[in-house]
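**Q** how would this look folded up:
(one chain, ligands or ions: 2)
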Amino acid sequence: MFFLFNQFIFLSRDIHLYLLHNRLIMCSTINPDRTINFKGRTKECLICLGGNEVCYTEKCRGCKGDQKVLRKGGKYKCLTCEGKGYIHLETPKVIGICKKCNGTQEAPLTAYDNVSEEEKVWIFENLFNFDKPYEKPHSEFNEGYLGIGIVCGVTDYGAYLSMTLEEFKKEVRNNFLKGFNQYVSIINKEDGKLPLEILIRKGKSGWNAYPIYEKSKN
Ligand SMILES: [Zn+2]
Ligand SMILES: [Zn+2]
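**A** Ligands and ions are numbered 1, 2, ... in the order given. Okay, the predicted model is just below:
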């Protein structure tokens, strides 16, 4: 058995080689102290259109935004905009350069974004430990219905129990890789570090993976 997940070799300043179970896993965005490197990393800006700030509505020309028009001596609901005061544009109107990304179409990656696939592979290979069960008390409600405090999990009413260990590992890997995990849901809020290891609790109704932090309170 190998427990080498805290050992790493520096290949260059940005690429760390990790040794685990006789395999080498690389991840350029996880620092040797298990913090995530967000510096200089970007994601697609989701609020603009091609770097431009656009507007999808226009002030109604019929009522000039008043929602009502004068008709037969009284004020009635504007029929052009159905009383909304604005109309939807078929083609969005460019009103300037996107203030969020400055026209670059890229926004800084934050702790609220989804953990990258490369990082997930690294986390799975280095932190998931199938040799040790999670044995702390838990709340079925939180796990099953809210997913609080868990990294991933499945409610399959025990179907997984008929799997071999290799099949089960593959199932956990697939589930973790395809799931949505914000960085904040995995890293320790106190020190920003990834867990020391991730343990699986196997129950009758399914399984859940729990992060174990350095100074774990749970
Ligand atoms: Zn109108
Ligand atoms: Zn933008």
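
**Q** Lys193 against Thr35, yeah?
**A** Yes. Here Lys193 reaches Thr35: they are 5.5 Å apart, a contact under Cβ atoms under 8 Å. In short, each C-beta sits where N, CA and C put it, glycine included.

**Q** looking at those two, which is more packed in?
**A** Neighbour tally, Lys193 and Thr35, criterion other Cβ atoms under 10 Å: the higher count belongs to Lys193, 17 against 14.

**Q** residues contacting that one?
**A** Applying Cβ atoms under 8 Å, 6 or more residues apart in numbering to Lys193 gives the contacts Asp33, Arg34, Thr35, Ile187, Tyr213, Glu214.

**Q** let's have those residues in CSV, adding pLDDT, secondary structure and distance to Ile87.
**A** Shown next, in CSV, are the contacts of Lys193 (pLDDT from 0 to 100; DSSP: H, G, I helix; E, B strand; the rest coil; distance: Cβ to Cβ, whole Å):
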residue, pLDDT, secondary structure, distance to Ile87
Asp33, 90, coil, 55
Arg34, 92, coil, 53
Thr35, 95, strand, 49
Ile187, 94, coil, 45
Tyr213, 91, coil, 53
Glu214, 85, coil, 56
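
**Q** shared neighbours of Lys193 and Thr35, anything?
**A** Both Lys193 and Thr35 are contacted by Ile187, under the criterion Cβ under 8 Å, 6+ apart.

**Q** just to be sure, Pro211 is in a helix?
**A** No. Pro211 sits outside any helix when classified using DSSP: H, G, I helix; E, B strand; the rest coil, being strand.

**Q** elements contacting the helix or strand hosting Asn175?
**A** According to DSSP states H and E, Asn175 maps onto helix 165-178. If you count contacts as 3 or more Cβ pairs under 8 Å, 6 or more residues apart in numbering; DSSP states H and E, helix 165-178 packs onto helix 117-127, strand 128-133, strand 152-155, strand 206-212.

**Q** name every strand pairing with the second one and say which way it goes.
**A** This means strand 128-133. Here strand 128-133 has these sheet partners by DSSP bridges: strand 197-202 (parallel).

**Q** residues from this structure in reach of ligand 2?
**A** With Cβ under 5 Å from the ion as the criterion, the chain meets ligand 2 at residues Cys45, Cys48, Cys98, Lys100, Cys101.

**Q** where neighbours are concerned, which of these has the most?
**A** Using other Cβ under 10 Å as the neighbour criterion, Cys48 leads the residues of the chain next to ligand 2 with 22 neighbours.

**Q** distance-wise, check Asn175 relative to Cys98.
**A** 36 Å (Cβ to Cβ, to the nearest Å).

**Q** whoops, I mixed them up, Ser116
**A** In terms of Cβ to Cβ, Ser116 sits 23 Å off from Cys98.

**Q** quick one: contacts for Thr104?
**A** With contact set as Cβ under 8 Å, 6+ apart, Thr104 has these partners: Cys45, Gly51.
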